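**Student:** next input, structure requested:
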Amino acid sequence: MAQDFRNDLQRNIGTSDTTLITAGDFDAVIGIRCCNVTTSTIKVSVKIANSGNDFFIAKEVVVPPNSSIELIQGGAKIVLKNGDVLEAVSDTASSLDVVTSFIDTISS
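**Tutor:** Below you'll find the model as predicted:
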């Protein structure tokens, strides 16, 4: 049963919501690393947008200068259903890089 492992790389995310993944048929997010690429502290939010509602994975998490945080660890997963949108935003312009790892369309 082969799985389709993928990643999404986003650079210089700022103060507008940025789409990381738009889910298809049940995708599993297996890693989200957020890196502050500035020399100042930033606040980072990552959420799932679903039918006009936001469900936060992390809300305004403080990331020190030139540091990163890992939002999914130790084998944890977040399943996204068709149409769910995983988004990231920072409180500072062009301050955030995000690497997202996921399995595209989980097989049964």
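**Student:** quick one, phi psi at Gly83?
**Tutor:** phi 90, psi -20 (degrees, to the nearest 10).
**Student:** what's near enough to touch it?
**Tutor:** By CB atoms under 8 Å, 6 or more residues apart in numbering, Gly83 lies in contact with 22-23, 50-51. The C-beta positions use only the backbone N, C-alpha and C, and glycine is treated the same way.
**Student:** tell me how far it lies from Gly24.
**Tutor:** For Gly83, the distance to Gly24 equals 9 Å [CB to CB, to the nearest Å].
**Student:** circling back: take the contacts of Gly83 and keep only those in strands.
**Tutor:** With DSSP state E as the criterion, strands contain 22, 50 from among those.
**Student:** count the residues that sit near Gly52.
**Tutor:** Using other CB atoms under 10 Å, Gly52 has 5 neighbouring residues.
**Student:** go on, Arg11?
**Tutor:** Arg11 has 11 nearby residues by other CB under 10 Å.
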